[in-house]
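Colleague: Model the structure of this input:
(one chain, ligands or ions: 2)
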Amino acid sequence: TRTSRPQRILKAVQRKATVGDPQSVITAIDHFCRHREWAMNVGDEKGSILDSVVNEVSPVTVLELGTYCGYSTVRIARLLPPGACVITLEFNPDYAAIARQVIKWSGLEDKVQLVEGASGDCIPWMKEHFGVQAFDLVFLDHWKERYLPDTKLLEECGLIQKGTVLLADNVICPGTPDYLEYVRNSPRYNSHYYRSHLEYTKAEDGLEKSVFLGY
Ligand SMILES: O=C(NC/C=C/[C@H]1O[C@@H](n2cnc3c(NCCO)ncnc32)[C@H](O)[C@@H]1O)c1cc(-c2ccc(F)cc2)cc(O)c1O
Ligand SMILES: [Mg+2]
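Modeller: Ligands and ions are numbered 1, 2, ... in the order given. Next comes the predicted model:
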């Protein structure tokens, strides 16, 4: 096909959503992915759980791993108070370009820092480059086999401290077995599974929330 799926998602936003209205951007993407083409956004059902965790944590600094088209970036950023921000990592330049436009359309660019690069390369620079002490909330939604190594890297870099909340998408489908085993068995995390469904389908999926208890 001439255009990519992310390009078609951006077009749906530009056709259906109102500039500066994040909820209309979310609604436009959900409608497109439910009625036109499925895409791997966290979606409206799991997205509501994401919203409730963001509201509960009321984070000042958020890290998102895997921007894709920016759907969950917009969901998170729209709930942040002035001064708070989400740093989102995306290593595919085409996806990053689409996400920038989706984020701009929603009017939330002041609350978002989209970093083009691989998590393994960017995480070690977070403190020095972005002045981050520690993240209040981390949303994991990138390659599923990278959840565990990147969590360990965040720990090693001192970016996860007592009270930091990790929220992981897709712990059932496609699944992140090694990550789940780690956060559920580690004495340093308190984990809870939010049962839900794979975006836009009836298949089971869910989010795992893990609170770091400190060393
Ligand atoms: O695979 C899924 N997500 C992956 C996301 C990847 C995005 O994140 C970016 N990315 C990946 N690794 C890194 C990285 N670091 C790691 C590499 O260095 N650093 C930076 N960015 C990274 C990619 O460029 C993409 O933009 C998924 C699948 C299903 C699914 C379920 C059922 C099905 F039948 C089919 C599919 C449902 C979901 O919700 C899903 O999230
Ligand atoms: Mg996902």
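
Colleague: What ranges in the chain fall below the confidence cut-off?
Modeller: Low-confidence regions of the chain, defined by pLDDT under 70, span residues 1.

Colleague: Give me the nearest residue to the residue in the chain that ligand 2 sits nearest to, chain neighbours excluded.
Modeller: Closest approach of the chain to ligand 2 (C-beta to the ion) occurs at residue 169, with a separation of 3.8 Å. Bear in mind the C-beta positions are built from the backbone N, C-alpha and C, glycine included. Taking C-beta to C-beta, 6 or more residues apart in numbering, and ignoring the residues beside it in sequence, residue 169 has residue 141 as its nearest neighbour in space, at 4.3 Å.

Colleague: Quick check: residue 81 vs residue 137, distance?
Modeller: Applying C-beta to C-beta, to the nearest Å, one obtains 13 Å for the distance of residue 81 from residue 137.

Colleague: any idea how far the residue nearest to residue 169 is from residue 127?
Modeller: Plainly put, residue 141 is 23 Å away from residue 127 if you go by C-beta to C-beta.

Colleague: do the same with residue 90
Modeller: For residue 90, the distance to residue 127 - C-beta to C-beta - is 20 Å.

Colleague: more neighbours, those two?
Modeller: Set side by side, residue 90 and residue 127 show more neighbours around residue 90, with 28 against 14, by other C-beta atoms under 10 Å.

Colleague: Show me what the more buried one bridges to in the sheet.
Modeller: residue 116 (DSSP bridges).

Colleague: quick one, what contacts it?
Modeller: Counting by C-beta atoms under 8 Å, 6 or more residues apart in numbering, residue 90 makes contact with 66-68, 96, 99, 114-116.

Colleague: where does this structure come near ligand 1, residue by residue?
Modeller: For the chain, the residues in contact with ligand 1 under the definition C-beta under 6 Å from any ligand atom are 40, 66, 68, 89-92, 95, 118-120, 141-143, 146, 169-170, 173-174, 198-199.

Colleague: residues touching the residue of the chain found nearest ligand 1, list them.
Modeller: Per C-beta to the nearest ligand atom, residue 66 is where the chain lies closest to ligand 1, at 2.9 Å. Contacts for residue 66 were tallied using C-beta under 8 Å, 6+ apart; they are 89-90, 140-143.

Colleague: would residue 82 count as being in a strand?
Modeller: No: when DSSP: H, G, I helix; E, B strand; the rest coil is applied, residue 82 is found to be coil, with no strand at that position.
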